[in-house]
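K.L.:
okay, here's the prediction I keep looking at, along with the sequence it came from:
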Amino acid sequence: MPRPPMPEQTDVLIVGAGPGGLAAGKRLVDAAPGRRIMLIDTRTRIGSPLRCGELTYDSLFEVMGYRPRPRWVRWVLKKSNRMLVLDRPRMEYEMSRILERRGVRVCEQTSLVALDEFRDDGRWATLTTPAGPHRVHARLVIAADGVSSQTARLAGLATRLKPDQLCSCLAVRLTDARLREPDDTHYEFLPELAPFYSWIIPSGPRAANVGLGIPSTRGEGLEPLLDRLIRASDWIDGGSVTERIVGAYPSVSPLREPFADGLLVVGGAGRFVDAVTGEGIRQAAITGRAAAELALDLGDGPYRAADLASYTERIAAIAVPLDERARGVKRALAARPKSAAPEATGARPEAGHGARPAARRTPGAPSPKAVLTDLCTGCTGCVPICPPVAIHVVPSGIEVDAETCTGCGLCVKDCAFLGVEFADADAAPGTPTHPQAALAPDRAQPRPSPAPFPLLGRSR
């Protein structure tokens, strides 16, 4: 049965189907079943690709308002206060289907690329969809699109982050590994990672998420550094890599005013993330639920900034501690000697898909910048894997922010279509150096699965 056409009017437009957006949607449909709600997500399938360690507290489902399903949990860490290791791809996809059955219009492969000025009855939003551009009027927009959010920025909030305000993360999922303690997590705060850390999060008796975080300005050293740390670890031995997980989180304080006329900002989009550990699932759920409850309290609006200002009071219990943690990270980064930055050791692994290896660098030389080529299909696969969040969907297509790009090379190596290349950092500093590819539906192609991450195919 064909789906009805996309609506031109909605009461609440939720941008992003992560924990924050899903919690907001569930609270709204539970309390106001007749309210028109639209949930959009840029990914081909909600829940994928994964960008975190999936570790959270057992109260998460209560906060989000969903009855827990056993299949949503990979593992329970009995020696870590019974914390849960989620199967986020499955959980988030199935939660979105629950909302859809409750009347929420759920749209995948859909991005918000423009917001009109607010009027008393809301805002017009411009979306890109598989069928082409679409305009929808929303009384309230909830920005839940994570650290790569551009929704709040389009609404006028100063949300752009510099590379040194982000922690880049790289992790791998290992199976058939020998774990020293499968019921407990293990963290190492090593000098070369300071103030960040490496982690081993078991997700089964012989499986684990193993990764590290370092300042985004040093993103080019992630792969060999992770390989070296795992090889030296006494907590895990052997195993096969089945998945590579790339992400980033803000290492700065939450937004002081995570709201604007007709807009509430939740989760990573509002920087509600622990700046030390990167924990953000629970915070996203709490802020998403708080945003929905404020919307319910205000009825049909109008949702002016002055009316939404109480949102900061509702979330102060988590925002204030997060601010203190971020200030500590800022002090630690400022005191960190330059020589403590981790250096890549050993040869860089070969790229998958036959793509080009990352460019070699001369010490002290400017970082090369990623630019799009004429082979770009507009599939947006590079958008969620960019650690410094330098790749965005815009009305004209895909855009690489040259100021934010650190030249880590993950997009260059991951693109199956050779749609991303390196350009000389001095070619056009601070500006895009290549025409942007249009998101033409007839150019779109199915995106293949990434090649296995070329690390750790061994047993010590």
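P.N.:
That came through, no problem.
K.L.:
Arg45 touches Ser96, doesn't it?
P.N.:
No - contact between Arg45 and Ser96 fails when scored by CB atoms under 8 Å: they sit 9.6 Å apart. (Glycine included, C-beta is placed from N, CA and C.)
K.L.:
flag the shaky bits of the stretch 151-300 of the chain, pLDDT-wise.
P.N.:
By pLDDT under 70, the weakly predicted segments of the stretch 151-300 of the chain are 218-221.
K.L.:
neighbour-wise, which of Arg45 and Ser96 wins?
P.N.:
Ser96 (23 against 13; other CB atoms under 10 Å).
K.L.:
how much space between that one and Ala32?
P.N.:
19 Å (CB to CB, to the nearest Å).
K.L.:
what do you get for Pro5?
P.N.:
Pro5 is 23 Å from Ala32, by CB to CB.
K.L.:
look at the two and report which has more neighbours.
P.N.:
Ala32 (16 against 8).
K.L.:
does the more buried one touch Leu298 like I think?
P.N.:
No - applying CB under 8 Å, one finds Ala32 not in contact with Leu298, separated by 11.5 Å.
K.L.:
can you mark which positions in stretch 172-184 are buried?
P.N.:
Buried residues in stretch 172-184, defined by neighbour count with 16 or more other CB atoms under 10 Å: Val172, Arg173, Leu174, Ala177, Leu179, Pro182, Asp184.
K.L.:
can I get it in CSV, CA atoms only?
P.N.:
Extracted C-alpha coordinates of stretch 172-184, given in CSV (Å, rounded to 0.1, in the frame of the first residue of the first chain):
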residue,chain,number,x,y,z
VAL,A,172,35.8,-1.4,16.6
ARG,A,173,33.4,-4.2,17.5
LEU,A,174,35.4,-7.4,18.3
THR,A,175,33.9,-10.9,18.3
ASP,A,176,35.4,-14.2,19.3
ALA,A,177,37.8,-12.4,21.7
ARG,A,178,39.1,-13.5,25.0
LEU,A,179,38.0,-11.0,27.7
ARG,A,180,39.6,-10.7,31.1
GLU,A,181,36.3,-9.6,32.6
PRO,A,182,33.2,-9.8,30.4
ASP,A,183,30.9,-8.4,33.1
ASP,A,184,32.8,-5.2,33.7
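K.L.:
hmm, who's touching that stretch?
P.N.:
With CB atoms under 8 Å, 6 or more residues apart in numbering as the test, stretch 172-184 has contacts from 75, 77-80, 186, 200, 202-211, 226, 230, 234-245, 453, 455-456.
K.L.:
which among these count as buried?
P.N.:
For those, a burial check counting by 16+ other CB under 10 Å picks out 75, 77, 80, 186, 200, 202-203, 207-211, 226, 230, 235-237, 239-241, 243-245, 453, 455-456.
K.L.:
what lines up beside the host helix or strand of Ser203 in the sheet?
P.N.:
Assigned by DSSP states H and E, Ser203 belongs to strand 198-204. Strand pairing for strand 198-204, determined by DSSP bridges: strand 186-188 (antiparallel), strand 207-215 (antiparallel).
K.L.:
can you tell me which of these comes nearest to Ala17?
P.N.:
Distance to Ala17, taken as CB to CB, is lowest for strand 207-215 among those, at 21.3 Å.
K.L.:
tabulate the CA atom coordinates of the closest one in CSV.
P.N.:
What follows is strand 207-215 as a C-alpha-only set of coordinates in CSV (Å, rounded to 0.1, in the frame of the first residue of the first chain):
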residue,chain,number,x,y,z
ALA,A,207,32.5,-9.6,22.2
ALA,A,208,33.3,-6.0,23.0
ASN,A,209,33.3,-2.4,21.8
VAL,A,210,36.9,-1.2,22.0
GLY,A,211,37.8,2.4,21.2
LEU,A,212,39.4,5.6,22.2
GLY,A,213,38.8,9.4,22.0
ILE,A,214,41.3,12.1,21.3
PRO,A,215,41.0,15.8,20.4
